[in-house]
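Asker: with the input below, show me the fold.
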Amino acid sequence: MDSPAQPPGGTGTVSGADASRIAWAAFVGTALEWYDYFLFGTAAALVFNRLFFTELDSTAATLAAFATFGVGFAARPLGALLFGYMGDRFGRRPALLTTIVMIGCATGLIGLLPDFGSIGLAAPVMLTVLRLLQGLAVGGEWGGAVTIAVEHAPIETRGRFAALVQVGSPVGTLVSSGAFALVLMLPGESFDAWGWRLPFLAAFPLLGIALYIRLKVEESPIFQDLVEQEERSRIPALDVFRQAGGRLLVAVAAALLGVGGFYMITTFVVSYGTNTLGVDRSVMVNATLVAAVLQIVVTVFAGRLAERFGPGRMTVAGSLATAAAAFPLFWLIDTRDPLAIVLAVTAGIALVTIAYAVTGALLTDLFPPHLRYSGVSLGYNLAGALTGFLPLIATAFLAASGNASWSAALILVVIALLSAVGGAYGERLRITDKSIVS
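Answerer: Purely as a prediction, here's the structure:
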């Protein structure tokens, strides 16, 4: 395992006022990114299985829809390589402007796609291509957002500003789930014909707002310092594997629960409750809405605690708590009682969020500035690639176990324990930038 070391460069000037402004700008852009990305997860559970894979039986159609959902995660490491190179060589700012345009356009175009009944096999193929573009963009977005937010922040308050970027996830969930909750109020025929498209088409005007805000973001002072001292890596991703391979493994492990656990408790559970238990789909979507509200509070609180106890220790605490609660949470969902389902989804998301909230702070502390964009993006998105197919795997396990929910709970336990190990090692390997607070 790599030993702690002082990073090269990293002597840029930062201030609390700048940190707040940049973190809010990063948050707005990231909220749009996650809104776009989460829409696909909800649609995979409720729409794509019926309208884009109509010649398959219900289980096979759900598996196919989740496979398409997982393709976006498979593309994310490629996006991490591409935008990590751009962010570490040419600047955090141009990389983040590119990612936001890509995902906004890809999401809006999904809302314009004809379904299987109109153009046959071309429909799921085009859907998959757009999902790939989403994945590429998100592969560079999150790592860049937390990097630029952290590099503008004083070291002692980085936990809260990294957590602010993480708030983009529950806000994206809240807005995307809220958009689907509204269109689900339409008659079934109208929803299938055009209603489901509206949340995707909303990505176009939202992109305009987010892009306007992102254009006002200045380049990271720490990156500017790297340019002045000529300390940029020529091939950042290659140097990450050569110089910080152990740190990368730790980053992947620490991020597993925040990514995979979230999709187990949202995307998979929505499908499980709707398609297996026969619970009304509005109950399942509304449960994610309630959970997203609490997630915002937990994210902010956990970010502040990370400044006191360290993000690695918070990752361990959240991971162990999630592992302990996994089976009880699915037992509550199995009751089919709406109140119990809301309670289970909300509690599950809250526990996962303890680890997720501090992922940005932990991963940025694992890599020196000249490798940070690439290292953070690769760590987070390799975790995404490994866990993005969890809804697909859990659905297959569920079918093999005769629809017994313990199989899904077991998957959640395993990834939680792996993240606990990553958090424990990550706390020991943290490095400190030499920044000057103005």
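Asker: contact partners of the helix or strand hosting Val250?
Answerer: In the assignment (DSSP states H and E), Val250 maps to helix 245-256. Outside helix 245-256, the residues within contact range by CB atoms under 8 Å, 6 or more residues apart in numbering are 1-2, 240-241, 312, 315, 355, 359, 362-363, 366-367, 375-376, 378-380, 382-384, 386-387, 415, 418-419, 421-423, 425-426, 429. In this view, the C-beta of every residue, glycine as well, is placed from N, C-alpha and C.
Asker: if we go to 7 Å?
Answerer: With contacts defined as CB atoms under 7 Å, 6 or more residues apart in numbering, helix 245-256 is touched by 1-2, 240-241, 315, 359, 362-363, 366-367, 375, 378-380, 382-383, 386-387, 415, 418-419, 421-423, 425-426, 429.
Asker: I'd like the mean pLDDT over the top helix by length along the chain, please.
Answerer: Of all the elements of type helix in the chain, the one with the most residues (DSSP state H) is helix 58-89. On average, the pLDDT along helix 58-89 is 83.
Asker: so which elements touch it?
Answerer: helix 16-43, helix 49-51, helix 92-110, helix 122-151, helix 236-243, helix 372-387, helix 390-400 (3 or more CB pairs under 7 Å, 6 or more residues apart in numbering; DSSP states H and E).
Asker: what is the burial count for Ile209?
Answerer: Around Ile209 there are 12 other residues, counting by other CB atoms under 10 Å.
Asker: re earlier: tell me the angle of the longest helix of the chain relative to helix 372-387?
Answerer: With axes from the mean of the first three to the mean of the last three CA atoms, to 10 degrees applied, the angle from helix 58-89 to helix 372-387 works out at 170 degrees.
Asker: so where's the stretch 51-200 of the chain shaky on pLDDT?
Answerer: 54-57 (pLDDT under 70).
Asker: now do the residue nearest the centre of the chain against Pro311, distance only.
Answerer: Closest to where the C-alpha atoms of the chain average out (CA atoms, centre = their mean) is Val259, at 5.6 Å. As defined by CB to CB, to the nearest Å, Val259 lies at a distance of 16 Å from Pro311.
Asker: next: Gly260.
Answerer: 18 Å.
Asker: got a list of what the nearest residue to Lys216 once chain neighbours are set aside touches?
Answerer: Excluding its sequence neighbours, the residue lying closest to Lys216 (CB to CB, 6 or more residues apart in numbering) is Ala25, at 6.5 Å. Neighbouring residues of Ala25 by CB under 7 Å, 6+ apart: 213-214, 216-217.
Asker: over to Leu39?
Answerer: Contacts of Leu39 by CB under 7 Å, 6+ apart are 107, 176, 199-200.
Asker: output the residues you listed as TSV; include the columns secondary structure.
Answerer: Listed next are the contacts of Leu39 as TSV, based on DSSP: H, G, I helix; E, B strand; the rest coil:
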residue	secondary structure
Thr107	helix
Ser176	helix
Pro199	helix
Phe200	helix
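Asker: quick one: which of those residues is most hemmed in?
Answerer: Of these, with other CB under 10 Å as the count, Thr107 tops at 30 neighbours.
Asker: which of the three states applies to Asp433?
Answerer: Three-state call for Asp433 (three-state DSSP): coil.
Asker: count the residues that sit near it.
Answerer: For Asp433, using other CB under 10 Å, the count is 22.
Asker: could you do Asn403 as well?
Answerer: 12.
Asker: same deal with the one 4 residues further on?
Answerer: Neighbours of Ser407 under the rule other CB under 10 Å: 19.
Asker: may I have the secondary structure class of it?
Answerer: Secondary structure state of Ser407, per three-state DSSP, is helix.
Asker: where's it relative to Thr276, distance?
Answerer: From Ser407 to Thr276 the distance is 12 Å (CB to CB).
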